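A.B. asks: give me a 3D structure for the following:
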Amino acid sequence: MKQVIFSQTGIPSEVLKLEETSIPQPKPHEVRIKVTARNINPSDIMFVRGMYGITPKLPSSAGFEAAGVVDHSDEKNSIPVGTRVIFTAIGTWKEYICVPAQLIIPTPDGMSDDVACQAFVNPLTAFGMLETSGLLRGDWVLVTAGASAYGKLVIQMAKQKGINVACTVRRDEQKDLLTDLGADLVINTENEKLQKVIVEKTDGGVNVVFDAVGGILGAKALACLKPGGKMMVFGLLSLENIPLNSGLLIFKNIKVEGFWLTTYMESLNHEQRENAFRTVFTHLLTEKVKVDIQATYPLEQFKEALEEYEKGGRNGKVILVS
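C.D. replies: Coordinates of the predicted model:
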């Protein structure tokens, strides 16, 4: 089978290689999946660079999120051969992978593989952050990197709850896109002063910030919070830590906390987890929440896919298929 692996951390286009290897044999509690689609997430890039919360055991394949079809069941036959599935695992950029049966989610009828392979990480992160944010109807949330796949999901989910959404972008052409999705305020941080616009348009500031960027933009977003507000940090697209203003934290009683989907999912009981999946999948199937696809590439063209992923102004996911 084909797989994309790296033997040292670094820039993905430089360290990732395509190789042929034998098809893996599942353990008794595992199912083997023929992987059909994988989307490229920021976490995939940071994992290859050695900057993610999980340290790669080298050599390693890339990718965490995918969809496929079971081609060998576990010893209990809990998921029959031929079942289409959604899953997360370390190293999905390969043609076959073995995953514990208990971690597999059957793909809902009517959901394409292109949607299924991005139905876990970003939608559930958006759902989980809204659920734990404390935001109420009429409150304001500021989402950095609003035109990202995650940002567009949060806009759509927040609007269903009556939450006002402000977003940052870096291109004027992205404003109409996000406004059409339901964003109430979109600020181009390349030519507008974020804090000034937020204070003027949101009655003094936002209640919560969802920050995926970090760095200077993260610091500017922090300054947009009302007294008693909260910043939830879940990404680091700038690859730079936020320079925190201690005075803001002290005198405005502002809180900064991290959010990681893995930790959130582990905190849920069975009923809560089922509700999260049911809610997210229903949104996607009914298209109350839509996901965008920029382009698809065969697995062996992963370098071209990475080039597409890095393009400025991209408005959809890049999918690796096989």
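A.B. asks: what's the helix or strand for the spatially most central residue of the chain?
C.D. replies: Residue closest to the average C-alpha location in the chain (Cα atoms, centre = their mean): Asn122, at 3.2 Å. Per DSSP states H and E: Asn122 is located in helix 121-132.
A.B. asks: what's in contact with the helix or strand following that helix?
C.D. replies: Downstream of helix 121-132, the next assigned helix or strand under DSSP H and E is strand 140-143. By Cβ atoms under 8 Å, 6 or more residues apart in numbering, the residues outside strand 140-143 that reach it are 133, 135, 151, 154-155, 158, 163-168, 198, 202, 205-210, 212, 221, 224. Heads up, the C-betas are built off the backbone N, CA and C, glycines and all.
A.B. asks: now do 7 Å
C.D. replies: 135, 151, 154, 158, 163-167, 198, 202, 206-210, 221, 224 (Cβ atoms under 7 Å, 6 or more residues apart in numbering).
A.B. asks: so how far is the helix or strand following it from its chain's centroid?
C.D. replies: Scanning forward in sequence from strand 140-143 by DSSP H and E, the next helix or strand is helix 149-160. With Cα atoms, centre = their mean, to the nearest Å as the basis, helix 149-160 stands 12 Å off its chain's centre.
A.B. asks: mind giving me the packing neighbours of helix 149-160?
C.D. replies: In terms of contacts (3 or more Cβ pairs under 7 Å, 6 or more residues apart in numbering; DSSP states H and E), helix 149-160 is packed against helix 121-132, strand 140-143, strand 164-169, helix 173-181.
A.B. asks: partner strands of the shortest one, with direction?
C.D. replies: Strand 140-143 has these partner strands in its sheet, going by DSSP bridges: strand 164-169 (parallel), strand 206-211 (parallel).
A.B. asks: and of those strands, who's closest to Glu287?
C.D. replies: Closest to Glu287 of those is strand 164-169 (Cβ to Cβ; 19.0 Å).
A.B. asks: distance from the chain centre to the closest one, please.
C.D. replies: Chain-centre distance of strand 164-169: 17 Å, with Cα atoms, centre = their mean.
A.B. asks: mind listing what's buried along the helix holding Asn122?
C.D. replies: Within helix 121-132, the residues that qualify as buried are Val121, Asn122, Pro123, Leu124, Thr125, Ala126, Phe127, Gly128, Met129, Leu130, Glu131, counting by 16 or more other Cβ atoms under 10 Å.
A.B. asks: what's the average pLDDT for the longest helix seen in the chain?
C.D. replies: Ranked by residue count under DSSP state H, the longest helix found in the chain is helix 270-286. Per-residue pLDDT values over helix 270-286 give a mean of 94.
A.B. asks: also stretch 224-232?
C.D. replies: Stretch 224-232 carries an average pLDDT of 98.
A.B. asks: list the buried residues for it?
C.D. replies: Buried, per 16+ other Cβ under 10 Å, within stretch 224-232: Cys224, Leu225, Lys226, Gly229, Lys230, Met231, Met232.
A.B. asks: tell me who's in contact with the last one.
C.D. replies: With contacts defined as Cβ under 7 Å, 6+ apart, the neighbours of Met232 are Met129, Ser133, Val208, Val209, Phe210, Glu257, Phe259.
A.B. asks: returning to that earlier point: columns mean neighbour count, mean pLDDT and distance to Leu103 on top of the strands paired with strand 140-143, output as JSON lines?
C.D. replies: Output for the strands paired with strand 140-143, formatted as JSON lines (neighbours: other Cβ atoms under 10 Å; pLDDT from 0 to 100; distance: least, Cβ to Cβ, whole Å):
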{"stretch": "strand 164-169", "mean neighbour count": "26", "mean pLDDT": "98", "distance to Leu103": "32"}
{"stretch": "strand 206-211", "mean neighbour count": "26", "mean pLDDT": "98", "distance to Leu103": "27"}
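A.B. asks: which of those sits closest to Lys303?
C.D. replies: Among these, strand 164-169 comes nearest to Lys303, with 27.8 Å by Cβ to Cβ.
A.B. asks: circling back: CSV for the buried residues of helix 121-132, including distance to Gly63?
C.D. replies: Shown next, in CSV, are the buried residues of helix 121-132 (distance: Cβ to Cβ, whole Å):
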residue, distance to Gly63
Val121, 11
Asn122, 14
Pro123, 17
Leu124, 17
Thr125, 17
Ala126, 20
Phe127, 22
Gly128, 21
Met129, 23
Leu130, 26
Glu131, 26
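A.B. asks: now, which of the residues you listed sits nearest Thr144?
C.D. replies: Taking Cβ to Cβ as the measure, Thr144 sits nearest to Met129 out of the buried residues of helix 121-132, at 12.6 Å.
A.B. asks: is it true that Ser13 touches Leu306?
C.D. replies: Yes. At 5.3 Å, Ser13 counts as touching Leu306 under the criterion of Cβ atoms under 7 Å.
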